[in-house]
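**Q** I would like to see how this sequence folds:
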Amino acid sequence: MLARRSLLLGAGGAAVAAALPGTAHAAPPLTGSPLPLPRPSGGLAVATRSFPLVDQTRTDPLAPRPGPRELMVQLWFPNAPTGAPETAYLDPRAAQLLETGWGAPAGALARVRTGASAGRRAPRLPTLILLSHGRGSVRALTTSLAVELASHGHLVAAVDHTHDAAVVAFPDGRLILGGLPANPDDWDAQDRLEIAVRAADLRFVADRLTERHVLPPRIGLLGHSMGGPAAAEAMRQDRRFIAGLNLDGGLFGTTVPDVGLDRPYLLLSSAPDHESWGRWRAAHHGWGRHLHLADGGHLTATDLPSYAEAIGLRTVWPAADWQGAFGTLPPVRASEITRAYAVAFFGRFLARRPAPLLSAPSRRFPEIEFRWSRGN
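**A** Here you go, the predicted model:
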């Protein structure tokens, strides 16, 4: 069983959160060809745009000085092919901080290709999926999942949770670094605070993205690590969220493990098990699945496995961190499996498409173990 810190950040997730200069030894300089993220399986081209949102109704409890809660949001959506260049993976300033913190050579993240072009206006679509990153991570690490889901016709909105994310770059030039305590005196109180803020972020973004819709979209939530319990808590608070996918997140900071949910919730784990998952399985009263990915790591569901070795991180990360982050499953296979189950889940519960992959173990994906099921 993983400790709480391991489930929050991953065994090796501390390296993901370490975005400040001087926290790791740099890998040797490298040059090379572009590093494409996994090719999406949907048939639609994808575009993206980013913008800030300000919630004037909330004073940000995570900020060092009082002020309204500010977020960065990135939309991913199906778009006609334009032939335009692919968008940058990260703001260059944020990328430089992450490269330094991870021990990657300068310019490494500029090689990563998103597979999406710049878009001006997202269409109104019948389905919307909000993405919530892990504690101390950044929204960019969910890019391959966002592009995959958009290629199947969904509007996807990835949120940077400011002061929680390792770094958030705003269009006015500000860089806001993460400031969460690494070892708070009271983890339970800290968890409740962080999850409350994240759930409010998700509800606010949903408000803003749907405020002019005559027919609101069917909305789902996808969270990695701490984003998983944030998705669960947002669902508990708000019935607009009709389905949630948790990628290896311990259910901290929320009452959901004790009261359950009455809507579809899928846990796709890589950690061996956690006591909060057992309580959730006992209390959940909607459609539910706990699927386990053999030989995965806590960061398997993110983009990092796709390029970590190519940018030299294996040479600078401790072996135990590498193992905890990525496991032993080949990155291409890990991404294929995660994306397939995400597409099936949201296809079924948002787009009302058949999803036999969710009904029983699949010969296509023998790495997936069905640990618990509720509902057909």
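**Q** drop to CA atoms for contacts and neighbour counts, all remaining ones
**A** Fine.
**Q** pLDDT below threshold where in this protein?
**A** Where the chain drops to pLDDT under 70, the residues are 1-31, 214.
**Q** Just give me the residue closest to the centre of it.
**A** In the chain, the residue lying closest to the centroid (Cα atoms, centre = their mean) is His133, at 3.6 Å.
**Q** Isn't it up against Pro229?
**A** No. Shown here, His133 and Pro229 do not form a contact pair, counting by Cα atoms under 8 Å, at 11.0 Å.
**Q** if I look at the two, which residues touch both of them?
**A** With contacts taken as Cα atoms under 8 Å, 6 or more residues apart in numbering, the residues that reach both His133 and Pro229 are Gly223.
**Q** what about Ala95, how many residues close to it?
**A** The number of residues packed near Ala95 is 21, by other Cα atoms under 10 Å.
**Q** For the closest residue to it other than its chain neighbours, which residues are in contact?
**A** Nearest-residue entry for Ala95: Leu109, 6.2 Å, with adjacent residues in sequence omitted and distances by Cα to Cα, 6 or more residues apart in numbering. Leu109 sits next to Tyr89, Leu90, Ala95, Glu99, Ile311 when contact means Cα under 8 Å, 6+ apart.
**Q** Buried ones in the strand or helix carrying the third one, by neighbour count?
**A** Secondary structure here is read from DSSP states H and E; on that basis Ala95 sits in helix 92-102. By 16 or more other Cα atoms under 10 Å, the buried positions in helix 92-102 come out as Ala94, Ala95, Gln96, Leu97, Leu98, Glu99, Thr100, Gly101, Trp102.
**Q** tell me the two of the residues you listed that are most distant?
**A** For the buried residues of helix 92-102, the farthest-apart pair by Cα to Cα is Ala94 and Trp102; their separation is 12.2 Å.
**Q** ok, which pair from the contacts of Leu109 is furthest apart?
**A** Spatially, the most separated pair among the contacts of Leu109 is Leu90 and Ile311, at 15.1 Å (Cα to Cα).
**Q** out of these two, which sits in the more crowded spot?
**A** For Leu90 versus Ile311, the count of surrounding residues by other Cα under 10 Å is larger for Ile311: 25 against 21.
**Q** Contacts for the top strand by length along the chain next, please.
**A** Longest strand in the chain by number of residues (criterion: DSSP state E): strand 46-59. Outside of strand 46-59, the residues within contact range by Cα under 8 Å, 6+ apart are 66-81, 87, 115-121, 147, 150-151, 170-171, 204-205.
**Q** ok, now stretch 137-148?
**A** 16-17, 37-42, 46, 76-77, 89-90, 114-116, 131-133, 156-160, 164-168, 302-304, 339, 342-343.
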